[in-house]
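Colleague: coordinates only, sequence not included:
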């Protein structure tokens, strides 16, 4: 009995995003279906740390829900994984107090974005990385990452469609890029991220790596506070919600 | 004009195997559809080095076909890749003489089989490796691999359903297993492989790694020449047709 926190992996390829939609396969829909089964037909609402779009993956999405049942943590994990489809897996279930909220208690989020930077595409990566065949200067990308770190108004780097009325100021603790063969991995850790923010940042970083913009342009882009200044939103399949951190 | 040899990758997850079936999505079906488009509606038959089952992948399947068109190799590659779906990719097109046959000219085939040997499954590997959570003794597996290498009658290790009437004698040049973290990669190179042979061999090797059989049992299994002696055929999604070699 009480509140349960679950850490979840999913392959976003087969879902129309996280958020429940009555006629479409969504991660929330699958999770709530299983919770309903476990609760003998009673609907259980869950709260997530945030939504992810169609095609976006999670290595550490966090949700919470309340249950009247007294089941040990490992029992919850086993019961849910037995009932869930193969593209969602519950890594961990922890009992938490009612003060915990998957979204409002989150202190830090980490996203990774994978780019397959090779001349030839790889059929095995088509759903898991963004194929980008042009030569990239990783030093310039790293230099640009330095400009993204810190506390800024990220209006330029967030979807104009965003309905959030609140502040667009966020803090990025770390923005970096690792290269391993043809695979490039962008890592972003921050206090929070606006809608599409990671995908717009990576899009601009690839422009910079290609020499179409300069690293220092990030500064003027941030100052401009205008979504039109940044490029397109890059494809969803390279994006992974990697982990969400909470206060102990 | 003449015969074209193509080296092809495909993600087997979305196909009912390689071989054409009138009402199902197959690799051959997609390839022939594209060849028909390029040939303005004329049907073009292709020959492959061999079939792969539903769910089985290819990093280096080889096919050939004949065309009346005089297109440069790179032109063929581009035209086909432009028309093909994202889960098939033509790596290479080479003009060959009429003496070349994708199946009959093959000198050596190489298959890899991936096992995800961790306590927890990985949603991103579910279609690309076989999840096996039990502890394995890799030294015993390596010892057993030595017994598979060489020229043997592989009746025990081939599907009883196989319609091939010919000899079940094959030569395995190399059988080995590499471990990298939780990922185990079995590698088999041989003169040819019988139907389901790799999947039955890996199944027995996992039995041996788990201590349910001894490495030297391979010898008596081979001597027995009876499919009933080996275990089940392991799941298809760990299997990759890695490369096919031809005489120069």
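Modeller: Received, thanks. Remember, predicted model here, so these are calculated numbers, not experimental data.
Colleague: domains for chain A, by residue range?
Modeller: According to automatic domain parsing, chain A comprises the domains A:2-96, A:107-246.
Colleague: Make JSON lines from the ones you listed and add distance to chain B, mean neighbour count and mean pLDDT to it.
Modeller: Where you see a C-beta, it was placed from the backbone N, CA and C, and this is true even at glycine. What follows is these, written out as JSON lines (distance: least, C-beta to the nearest C-beta, whole Å; neighbours: other C-beta atoms under 10 Å in any protein chain shown; pLDDT from 0 to 100):
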{"stretch": "domain A:2-96", "distance to chain B": "5", "mean neighbour count": "18", "mean pLDDT": "97"}
{"stretch": "domain A:107-246", "distance to chain B": "5", "mean neighbour count": "18", "mean pLDDT": "95"}
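Colleague: would you turn those domains into JSON lines with distance to residue B:30?
Modeller: Converted to JSON lines, the domains of chain A look like this (distance: least, C-beta to C-beta, whole Å):
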{"stretch": "domain A:2-96", "distance to residue B:30": "19"}
{"stretch": "domain A:107-246", "distance to residue B:30": "12"}
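Colleague: Which of those sits closest to residue B:170?
Modeller: Proximity to residue B:170 (C-beta to C-beta) singles out domain A:107-246 among the domains of chain A, at 28.0 Å.
Colleague: mind checking the end-to-end distance for the closest one?
Modeller: 5 Å (C-alpha to C-alpha, to the nearest Å).
Colleague: before we move on, what about stretch A:120-137?
Modeller: Distance between the two ends of stretch A:120-137: 18 Å, counting by C-alpha to C-alpha.
Colleague: what's in contact with it?
Modeller: Under the contact criterion C-beta atoms under 8 Å, 6 or more residues apart in numbering or on different chains, stretch A:120-137 has outside partners A:11, A:13, A:55, A:57, A:113-119, A:183-184, A:202, A:206, A:209-211, A:234-235, A:237-238, B:9-11, B:57, B:86-89, B:91, B:124, B:128.
Colleague: one step back: out of the domains of chain A, nearest to residue B:228?
Modeller: The nearest among the domains of chain A, by C-beta to C-beta, is domain A:2-96 at 30.8 Å.
Colleague: for the closest one, the distance to its chain's centre please.
Modeller: Distance, stretch centre to chain centre, for domain A:2-96: 16 Å (C-alpha atoms, centre = their mean, to the nearest Å).
Colleague: Do me a favour and get the end-to-end distance for it?
Modeller: Using C-alpha to C-alpha, the two ends of domain A:2-96 sit 8 Å apart.
Colleague: now swap in stretch A:118-130 and tell me
Modeller: Terminal residues of stretch A:118-130 lie 11 Å apart, using C-alpha to C-alpha.
Colleague: Which of the contacts of stretch A:120-137 fall within strands?
Modeller: Mapping these onto strands (DSSP state E) picks out A:57, A:113-116, A:183-184, B:9-10, B:57, B:88-89, B:91.
Colleague: Show me which of these is closest to residue A:42.
Modeller: Checking the ones in strands among the contacts of stretch A:120-137 against residue A:42 with C-beta to C-beta, the nearest one is residue A:57 at 30.1 Å.
Colleague: ranges for the helices of chain A?
Modeller: Remark: helices assigned in chain A by DSSP state H are A:27-38, A:73-83, A:138-148, A:197-209, A:217-224.
Colleague: by contact count, what packs against the fourth one?
Modeller: If I follow you right, that is helix A:197-209. If contacts are counted by 3 or more C-beta pairs under 8 Å, 6 or more residues apart in numbering or on different chains; DSSP states H and E, helix A:197-209 sits against strand A:106-116, helix A:138-148, strand A:169-180, strand A:183-190, helix A:217-224.
Colleague: in its sheet, what does the fourth one sit against?
Modeller: Neighbouring strands of strand A:183-190 in its sheet, by DSSP bridges, are strand A:106-116 (antiparallel), strand A:169-180 (antiparallel).
Colleague: closest to residue B:47 out of the ones you listed?
Modeller: strand A:106-116 (31.1 Å).
Colleague: now that closest one and helix A:197-209, what's the angle there?
Modeller: Counting by axes from the mean of the first three to the mean of the last three C-alpha atoms, to 10 degrees, strand A:106-116 lies at 40 degrees to helix A:197-209.
Colleague: Could you give the bridge partners of residue A:10?
Modeller: The partner list for residue A:10 in beta bridges (DSSP bridges) reads residue A:58, residue A:88.
Colleague: what residues are up against the residue lying closest to residue A:144 once chain neighbours are set aside?
Modeller: Nearest residue to residue A:144 in three dimensions, chain neighbours excluded: residue A:215, at 4.0 Å (C-beta to C-beta, 6 or more residues apart in numbering or on different chains). Residues in contact with residue A:215, defined by C-beta under 8 Å, 6+ apart, are A:140, A:141, A:143, A:144, A:146, A:147, A:208.
Colleague: go on, residue A:178?
Modeller: Contacts of residue A:178 (C-beta under 8 Å, 6+ apart): A:184, A:185, A:187.
Colleague: Closest one of those to residue B:73?
Modeller: Nearest to residue B:73 among the contacts of residue A:178, with distances taken as C-beta to C-beta, is residue A:184, at 29.8 Å.
Colleague: Not counting sequence-adjacent ones, nearest residue to residue A:46?
Modeller: Counting by C-beta to C-beta, 6+ apart, residue A:65 is the residue found nearest to residue A:46 once chain neighbours are left out, at 4.3 Å.
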